[in-house]
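Enquirer: I'd like to go over a predicted model; first the sequence, then the structure.
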Amino acid sequence: SQQGEEDPQALSIQEGENATMNCSYKTSINNLQWYRQNSGRGLVHLILIRSNEREKHSGRLRVTLDTSKKSSSLLITASRAADTASYFCATDRNTGTASKLTFGTGTRLQVTL
Amino acid sequence: DTEVTQTPKHLVMGMTNKKSLKCEQHMGHRAMYWYKQKAKKPPELMFVYSYEKLSINESVPSRFSPECPNSSLLNLHLHALQPEDSALYLCASSQEPGLGTDTQYFGPGTRLTVL
């Protein structure tokens, strides 16, 4: 399987704290993306980082990418209860005619008041 | 309209039934995708349609048959499914499938139970 690994599998923090999730993958990539999934629902795209980028910010999100180590991390700062969800990294090996995403195993984040 | 819609939300079917899942987007996206997601697992790609042509089939069993009647609509026809096919089926679309920075928009999914 080309599936990436994420750690931790589960993370429980209090509101206001920062949450860090890590993703490792196996193949060369065009880009790496992070998605959020609320329980049993569709996924929402959060942020995309290209293979030639090392860090990217979007609001309270910070993503890093180390292609030499085939790893990425997602940092959510000042977490809120509404951030409670599963977070997946996804590597994109674009074929030229289609975007082919392979999702990591996911991190379940619980933010408590 | 920035939404991908999927119908039905829930589906229960027997192993001898024939049913179809429907997905629709009106964002002018040129690629559409089917994923299967088992409980507490990541989504797994099944099919990709790019410019209304089947671009990727991830070795999916023939009891799943995709169809793309037009650029806005994607169907998944189901026949003779097995109980292990019970899962959340997610549809997604993306704007420019050949672009190296394409992102996907997901529908809410159809939760399928095969008895």
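Expert: Thanks, I have the structure now.
Enquirer: near chain A, which residues of chain B show up?
Expert: B:4, B:31, B:41-45, B:48, B:50-51, B:55-56, B:88, B:90, B:92, B:94, B:97-109, B:111 (CB under 8 Å from any CB of the partner chain). From N, CA and C alone the C-beta is placed, and that goes for glycine too.
Enquirer: derive a PyMOL selection command for the buried subset of these.
Expert: This is how PyMOL selects the buried members of the residues of chain B next to chain A, with burial counted by 16 or more other CB atoms under 10 Å in any protein chain shown:
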select buried, chain B and resi 4+31+42+43+44+45+48+50+55+56+88+90+92+94+97+102+103+104+105+106+107+108+109+111
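Enquirer: filter the residues of chain B next to chain A down to the ones in strands?
Expert: B:4, B:31, B:44-45, B:48, B:50, B:55-56, B:88, B:90, B:92, B:94, B:104-106, B:111 (DSSP state E).
Enquirer: show me where chain A has strands.
Expert: Under DSSP E, chain A gives strands at A:5-7, A:10-14, A:19-24, A:31-37, A:43-50, A:55-58, A:61-66, A:71-76, A:85-92, A:101-103, A:107-112.
Enquirer: turn those into CSV, columns for mean neighbour count, distance to chain B and mean pLDDT.
Expert: Formatted as CSV, the strands of chain A follow (neighbours: other CB atoms under 10 Å in any protein chain shown; distance: least, CB to the nearest CB, whole Å; pLDDT from 0 to 100):
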stretch, mean neighbour count, distance to chain B, mean pLDDT
strand A:5-7, 18, 9, 91
strand A:10-14, 14, 10, 97
strand A:19-24, 20, 11, 97
strand A:31-37, 24, 6, 96
strand A:43-50, 19, 4, 96
strand A:55-58, 12, 12, 97
strand A:61-66, 17, 13, 98
strand A:71-76, 20, 15, 98
strand A:85-92, 24, 6, 96
strand A:101-103, 25, 4, 93
strand A:107-112, 18, 8, 97
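Enquirer: tell me which element the residue sitting nearest the centre point of chain B falls in.
Expert: Central residue of chain B (CA atoms, centre = their mean): residue B:34, 2.8 Å from the mean position. Residue B:34 is located in strand B:31-37, with elements delineated by DSSP states H and E.
Enquirer: and that strand, what does it pack against?
Expert: Judged by 3 or more CB pairs under 8 Å, 6 or more residues apart in numbering or on different chains; DSSP states H and E, the packing partners of strand B:31-37 are strand B:18-25, strand B:44-50, strand B:73-79, strand B:87-94.
Enquirer: looking at these, which is buried most?
Expert: Of the helices and strands packed on strand B:31-37, the one with the most neighbours on average (mean count of other CB atoms under 10 Å in any protein chain shown) is strand B:87-94, at a mean of 24.
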